[in-house]
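> Any chance you could fold what I've pasted below:
(one chain, ligands or ions: 2)
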Amino acid sequence: MNEALTMDAARTKPHLPDAQVVTSVKHWTDRLFSFRVSRPASLRFRSGEFVMIGLMGDNGKPLLRAYSIASPSWDEELEFYSIKVPDGPLTSRLQHIQPGDEIILRPKPVGTLVVDALLPGKRLWFLATGTGLAPFASLMRDPEVYEKFDQVIMMHTCREVAELEYGRQLVEGLEADPLIGETVQGKLRYYPTTTREEFHHMGRVTDNLASGKVFADLGLPKMNPEEDRAMVCGSLAFNVDVKAILEGFGLREGANSEPQEFVVEKAFVGDGI
Ligand code: FAD
Ligand code: A2P
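Ligands and ions are numbered 1, 2, ... in the order given. Model (predicted):
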């Protein structure tokens, strides 16, 4: 059946248990896409959490992977921001979804990148590479974040400029957003960088923190445990390196059960890990 590219409300009713209907899909590069699906009426989540989503496998069993919810908790749909792994069991198929298709979504949100896992502070830093932006796409749109922190700084690093585009458009759209625009204005600072293509700001998150360049560029004091809080989401190597730098600034890692000055979550489970 050839589905229309936009959905009418009647088609957002899924047929299978735990299934949701895809309402839109956008491809950003040959490695990245985002999509929106209907939201289960009962699903409550905290911005920054992840759920298991997937497709039915050829063997008739669900093929599920962890995905951060990229939309804020007040949104009536759910948004995801995804990698396309060419031979990846899930994403080699998921990248071909169209509006009207169904995906499986287990409605049990969990995760450490939640505001509740941090002690109160003045500034909140979001530190991400690649699709590690996804949980922050949710948090950046959550009014609670701006109620709790005077300033929010989004550092996002990718190899190439095109890989920053989803985040760039999201941040740009925020200030004009009728729901949250006023709350965000003057509070959200965006610091995108590339490492392998010329751009106005370049360098790894780790290097820009360790050298103090990001603090100088934004006119902010060096990170300190009294004022700064951070959330980290990238590859395991990125997370390990950022954690060491944050600890060097005197920040301690926290969790839901024991809030501290920073929290970390893997954006994906890497090769051999
Ligand atoms: P897999 O067999 O799962 O992965 C194959 C290989 O591809 C991995 O070994 C790794 O080298 C690489 N890879 C996998 N995911 C990524 C990625 N996101 N970026 C770069 N390289 C990757 N993925 C998303 O795209 N968006 C998300 O919001 C997201 N949230 C996650 C949250 C958590 C807590 C975890 C643990 C993972 C998350 N992932 C996310 C990764 C996701 O679960 C899958 O690994 C991904 O969808 C690829 O699935 P696959 O079956 O095609 O390949
Ligand atoms: P670089 O280009 O210098 O490797 P990837 O596409 O490999 O997941 O990387 C995404 C981004 O994260 C790239 O800009 C990459 O920089 C950067 N990166 C990779 N590993 C680390 C790390 N250990 N610390 C900081 N940045 C990293």
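> Can you name every helix or strand that the helix or strand hosting I153 contacts?
Using DSSP states H and E, I153 sits within strand 151-158. Applying 3 or more CB pairs under 8 Å, 6 or more residues apart in numbering; DSSP states H and E, one finds that strand 151-158 makes contact with strand 123-129, helix 165-176, strand 188-194, helix 205-210, helix 213-218. C-beta here means a position set from N, CA and C on the backbone, and glycine is covered the same way.
> how about the residues of the chain that lie near ligand 2?
129-130, 157-159, 195-196, 204-206, 235, 237-238, 241 (CB under 6 Å from any ligand atom).
> Tell me which stretches of the protein form strands.
Secondary structure of the chain (DSSP state E): strands located at 19-27, 32-38, 50-56, 62-68, 77-83, 102-110, 123-129, 151-158, 188-194, 228-234, 262-266.
> Present these as TSV; the columns should include mean pLDDT.
Output for those, formatted as TSV (pLDDT from 0 to 100):
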stretch	mean pLDDT
strand 19-27	97
strand 32-38	98
strand 50-56	97
strand 62-68	97
strand 77-83	98
strand 102-110	97
strand 123-129	98
strand 151-158	98
strand 188-194	98
strand 228-234	98
strand 262-266	97
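> Please produce JSON lines containing the ones you listed, extended by mean neighbour count.
Output for the strands of the chain, formatted as JSON lines (neighbours: other CB atoms under 10 Å):
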{"stretch": "strand 19-27", "mean neighbour count": "18"}
{"stretch": "strand 32-38", "mean neighbour count": "22"}
{"stretch": "strand 50-56", "mean neighbour count": "21"}
{"stretch": "strand 62-68", "mean neighbour count": "19"}
{"stretch": "strand 77-83", "mean neighbour count": "22"}
{"stretch": "strand 102-110", "mean neighbour count": "18"}
{"stretch": "strand 123-129", "mean neighbour count": "26"}
{"stretch": "strand 151-158", "mean neighbour count": "24"}
{"stretch": "strand 188-194", "mean neighbour count": "20"}
{"stretch": "strand 228-234", "mean neighbour count": "27"}
{"stretch": "strand 262-266", "mean neighbour count": "22"}
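> export those strands to CSV and tack on distance to V145?
As requested, the strands of the chain are exported to CSV (distance: least, CB to CB, whole Å):
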stretch, distance to V145
strand 19-27, 24
strand 32-38, 21
strand 50-56, 17
strand 62-68, 15
strand 77-83, 17
strand 102-110, 17
strand 123-129, 7
strand 151-158, 6
strand 188-194, 9
strand 228-234, 10
strand 262-266, 13
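> And the nearest residue to L63 once chain neighbours are set aside, how far from ligand 1?
Counting by CB to CB, 6 or more residues apart in numbering, G57 is the residue found nearest to L63 once chain neighbours are left out, at 4.1 Å. Remark: distance between G57 and ligand 1 (CB to the nearest ligand atom, to the nearest Å) = 11 Å.
> burial count for G57?
13 (other CB atoms under 10 Å).
> just P221 next, same as before
Neighbours around P221, by other CB under 10 Å: 11.
> Please apply the same query to the one 5 residues further on.
Residues contacting E226 under the criterion other CB under 10 Å number 9.
> Please consider this matter closed, and thank you.
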